[in-house]
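> Generate a structure from the sequence data that follows.
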Amino acid sequence: MHRMIEMKTLIAGGAVLLLFNVVVRGQEESPSPTAEKKSYPEVPKGYEVREETISPDGRFALVYEVRDEDSNVDPGLPNLKEIETGDGVTWKGGRGGADAKWNGSDWVAVWHHRKWGDEDLVVYQIANDKITRVEKIWPQVVKYFDRDFRERFLKQYPKESDSYTFVADDPDVKSFEFKDDKLLLNIFADNKPNLAAGPHWTAELHAVWNLKTGKFDKVDFKPGKISIRKQEDS
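A predicted model of the protein is given here:
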């Protein structure tokens, strides 16, 4: 398990899913995970591992460009290998950065943290150190919200902005959660998450994505009530 292996990158786009041997002898001997900084010799210089994204078998994780703590400037290092691009930052914990959740060591969901919520969900299946299947779930989610927003809101208020925002402001609700061979989704959208005055639209989607078929087993889309939000007194 401690054998050095050839490093292979699998996913990029603000982060890179990297194949490497994550087990470090010093890490096993340490009585506390914070007693010493973990090191991963296989990770190239200028990159760092986000421990929360390591796969259960310890062979994959998201790695990020090391951020210059004295500035908010993107370090500008090249992605190790781009398979999917994103428009988020490239450092760990930054707004727009990628995150991952594993279902065993064969399936991983990858998405981006935005200002108000999570977006751009893609699920990858991995076998024999290769991506064998890509399920782009997010476009299937967005079409439900787009249709309702255009037909129910913009037709009534055509002068309003033609955009809305996905939000995740309830810490008790998980946006994406694996359950056996399914992925459970709880997605919410709001055209004025900043509490601005004017016509207000919301909607939510609760769905079950089947990893085996690459389709929804169930979709429960719930349009919210359209209302007029008044300007709060300053």
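
> next structured bit after the worst-scoring helix or strand of the chain on mean pLDDT?
Least confident helix or strand, the chain: helix 25-29 with a mean of 37, by mean pLDDT, DSSP states H and E. On the C-terminal side of helix 25-29, the nearest following helix or strand under DSSP states H and E is strand 47-49.

> need the longest helix for the chain.
Across the chain, the longest stretch assigned as helix under DSSP state H is helix 138-148.

> What pairs with the helix or strand that that helix is followed by, parallel or antiparallel?
Stepping forward along the backbone from helix 138-148, the first helix or strand reached (DSSP H and E) is strand 165-167. When pairing is defined by DSSP bridges, strand 165-167 lines up against strand 182-190 (antiparallel).

> What is the longest helix of the chain packed up against?
With contacts defined as 3 or more Cβ pairs under 8 Å, 6 or more residues apart in numbering; DSSP states H and E, the secondary structure elements packing on helix 138-148 are strand 118-127, strand 182-190, strand 202-210, strand 215-223. The way it works is simple: take the backbone N, C-alpha and C, and place the C-beta from them, glycine included.

> That helix to strand 182-190, inter-axis angle?
40 degrees (axes from the mean of the first three to the mean of the last three Cα atoms, to 10 degrees).

> i'd like the first residue to be 520 from this point on
Sounds good: first residue 520 from here, last item helix 657-667.

> May I have helix 657-667 exported as PDB, CA atoms only?
Coordinates of each C-alpha in helix 657-667 appear next as PDB, following Å, rounded to 0.1, in the frame of the first residue of the first chain:
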ATOM      1  CA  TRP A 657     -26.900  19.700 -13.500                       C
ATOM      2  CA  PRO A 658     -28.300  20.400 -16.900                       C
ATOM      3  CA  GLN A 659     -31.200  18.000 -16.100                       C
ATOM      4  CA  VAL A 660     -31.800  19.900 -12.900                       C
ATOM      5  CA  VAL A 661     -31.600  23.400 -14.400                       C
ATOM      6  CA  LYS A 662     -34.200  22.700 -17.100                       C
ATOM      7  CA  TYR A 663     -37.000  22.300 -14.500                       C
ATOM      8  CA  PHE A 664     -36.100  25.700 -12.900                       C
ATOM      9  CA  ASP A 665     -35.600  27.400 -16.300                       C
ATOM     10  CA  ARG A 666     -39.000  26.400 -17.600                       C
ATOM     11  CA  ASP A 667     -40.900  27.500 -14.500                       C
END
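
> what's that helix in contact with?
Residues outside helix 657-667 that contact it (Cβ atoms under 8 Å, 6 or more residues apart in numbering) are 630, 638-641, 683, 704, 706, 708, 722, 724, 726, 735, 738, 740, 742.

> how's the chain carved up into domains?
Structural domains annotated on the chain: 520-654, 656-753, as defined by automatic domain parsing.

> pLDDT below threshold where in this structure?
520-561, 586-615, 752-753 (pLDDT under 70).

> sorry, back to before: counting neighbours, which bits of the longest helix of the chain end up buried?
The neighbour-count criterion (16 or more other Cβ atoms under 10 Å) identifies 657, 659, 660, 661, 663, 664, 667 as the buried residues of helix 657-667.

> That concludes my questions; thank you for your assistance.
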